[in-house]
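Participant: Mind looking at a prediction? Sequence and model below.
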Amino acid sequence: MSEIKKIKEQYTSKLDELLDQNKLNIIKTELFGKNGIISTRFKQLGSINEKERKSYATELNLLKNELQELISKKNEEIQNEEINKKLNNDKIDVTLPGRSYFAGKIHPVSQVIDEVTSIFSEIGFSVEEGPDIENEYYNFSALNTPDNHPARDMHDTFYLEHSKDLLLRTHTSPVQIRTMLKGKPPFKIIAPGRTYRHDSDQTHSPMFHQLEGLHIDKNINMGHLKGCLYYFVKKFFEVDKVKIRFRPSHFPFTEPSAEVDIGYKIQDGKIKIGEGDKWLEILGCGMVHPNVLKNAKVNPKQFQGYAFGVGIDRLAMLKYGINDLRAFFESDIRWLEFYGFDPLDIPTNYRGLSR
Ligand code: PHE
């Protein structure tokens, strides 16, 4: 047997054995290293006589190619095996604790707006919006509030710089006018939103939230207003019985006007709505003044109705036992973690207390 054949047989069987990367590298050096079997034979080609040289060189070349191919095949095999081994060993440990993600919370004001909207929409109110920056006409004049009325005072109202006309709305009542001007009666709407007054203490902040209500039709009277407010307060505070007191009051845009108090008591340091003999003011209301209807192009001889304005932040404080209004707007994430609501706990309805 020729020498080349011997080498071929020897190494083909060597390369056929179970090898790891290390052993394969050793074989590679044995054959193709600087002094390797194949390399030295190529170097010695020159010393072979010319006749034999050509055929020997061809055989040697073939052998070189075959062995290189075998080595690269083996190399691939070994690497695949290693990957499979890794996959088998690195199994997922399902007993590891999960990673926790930071979940956002719904602010109590947003939560209460959702709850209130849901309650009123059940009895046929739709939602309207108006701009935060209003002009004097919508905020005051159209609402039958004359030029010399104290509510227009610079001490209460934020006027925009360089403007005698533009201001931050002091209540949501201008949405009454905007709604009536763009449509035709009857109207049955609520309008939640931001409102602004120059005021700041434990129960007042310069920016706060109101919910306006307006119901205008052919024969809406104070009885409807009362019924609507009883329904709302019971649903919102999740109680069967409520004590509500209508106190005569004055607003330029309603006649007669009333302020509404709800009865409550403090039990074990917690506020209980609907019991006891303490009173808390929650809203202003009344029958829409004929002048307001006229300004909004509604004929007061044909149509009449009621309006009310509730402080949303105050509702949130009462329902969820939060006693400082200013914390609502300080953007302290720890506060929100504590008082906020789970985003997935969708308030399909006034379920706030049972969360
Ligand atoms: N706009 C009044 C306020 O801010 C509340 C109110 C609204 C009163 C509608 C009567 C009717 O105090």
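Facilitator: Received it, and whenever you're ready, just let me know what you need.

Participant: Can you report how many residues neighbour residue 218?
Facilitator: 10 (other CB atoms under 10 Å). All C-beta spots, glycine's among them, are computed from the backbone N, C-alpha and C.

Participant: For it, list the residues it contacts.
Facilitator: Listed by CB atoms under 8 Å, 6 or more residues apart in numbering, the contact partners of residue 218 are 186, 302-304.

Participant: Narrow those residues to just the buried residues.
Facilitator: 303-304 (16 or more other CB atoms under 10 Å).

Participant: Tell me the first helix or strand C-terminal of the strand or helix carrying residue 7.
Facilitator: Assigned by DSSP states H and E, residue 7 belongs to helix 3-16. Next along the chain after helix 3-16, taking DSSP H and E as the criterion, comes helix 21-32.

Participant: measure the residue of the stretch 101-250 of the chain found nearest the ligand to residue 165 for me?
Facilitator: Closest contact between the stretch 101-250 of the chain and the ligand, by CB to the nearest ligand atom, is at residue 171 (3.4 Å). Taking CB to CB, to the nearest Å as the measure, residue 171 falls 17 Å from residue 165.

Participant: Compare neighbour counts for those two and give me the winner.
Facilitator: Neighbour comparison, residue 171 and residue 165: the larger count goes to residue 171, with 22 against 11 (by other CB under 10 Å).

Participant: Look at the nearest residue in space to that one that is not next to it in sequence and give its secondary structure.
Facilitator: With sequence-adjacent residues excluded and distances taken as CB to CB, 6 or more residues apart in numbering, residue 171 is closest to residue 195, at 5.4 Å. Classification of residue 195 by DSSP: H, G, I helix; E, B strand; the rest coil places it in strand.

Participant: And residue 195, what's its pLDDT?
Facilitator: pLDDT, residue 195: 97.

Participant: any idea how far it is from residue 215?
Facilitator: 20 Å.

Participant: now the strands for this structure?
Facilitator: Under the criterion DSSP state E, the chain carries strands at the ranges 126-127, 133-135, 166-168, 187-196, 207-217, 244-251, 254-267, 270-273, 278-288, 304-311.

Participant: ok, so what distance separates the residue nearest to residue 171 from residue 225?
Facilitator: Residue 195 is 21 Å from residue 225, by CB to CB.

Participant: Residue 47 now?
Facilitator: 119 Å.

Participant: Who has more neighbours out of the two?
Facilitator: Set side by side, residue 47 and residue 225 show more neighbours around residue 225, with 23 against 7, by other CB under 10 Å.

Participant: For the nearest residue to that one once chain neighbours are set aside, list each beta-bridge partner.
Facilitator: Among residues not flanking residue 225 along the chain, residue 306 sits closest, at 3.9 Å (CB to CB, 6+ apart). Counting by DSSP bridges, residue 306 is bridged to residue 215, residue 287.

Participant: tell me the pLDDT at the residue of the chain found nearest the ligand?
Facilitator: Closest approach between the chain and the ligand, counting by CB to the nearest ligand atom: residue 309, at 2.8 Å. As predicted, residue 309 sits at a pLDDT of 97.

Participant: Residue 82 too?
Facilitator: Here the pLDDT value assigned to residue 82 is 87.

Participant: For it, give me its contacts.
Facilitator: When contacts are counted by CB under 8 Å, 6+ apart, residue 82 touches residue 21.

Participant: so where's the protein uncertain?
Facilitator: Within the chain, the stretches with pLDDT under 70 are 1, 154-155, 344-355.

Participant: Near the ligand, which residues of it? Just list them.
Facilitator: Residues of the chain lying near the ligand by CB under 6 Å from any ligand atom: 171, 173, 251, 254, 284-286, 307-309.

Participant: Grab the longest helix from the chain for me.
Facilitator: For the chain, the helix that runs over the most residues, judged by DSSP state H, is helix 50-89.

Participant: Now do that one and helix 21-32, the angle between them.
Facilitator: Interaxial angle of helix 50-89 relative to helix 21-32 (axes from the mean of the first three to the mean of the last three CA atoms, to 10 degrees): 170 degrees.

Participant: So what's the residue count around the nearest residue to residue 326 once chain neighbours are set aside?
Facilitator: Distances taken as CB to CB, 6+ apart put residue 205 closest to residue 326, at 5.6 Å, once the chain neighbours are dropped. The local packing of residue 205 (other CB under 10 Å) involves 20 other residues.

Participant: Lovely, talk soon.
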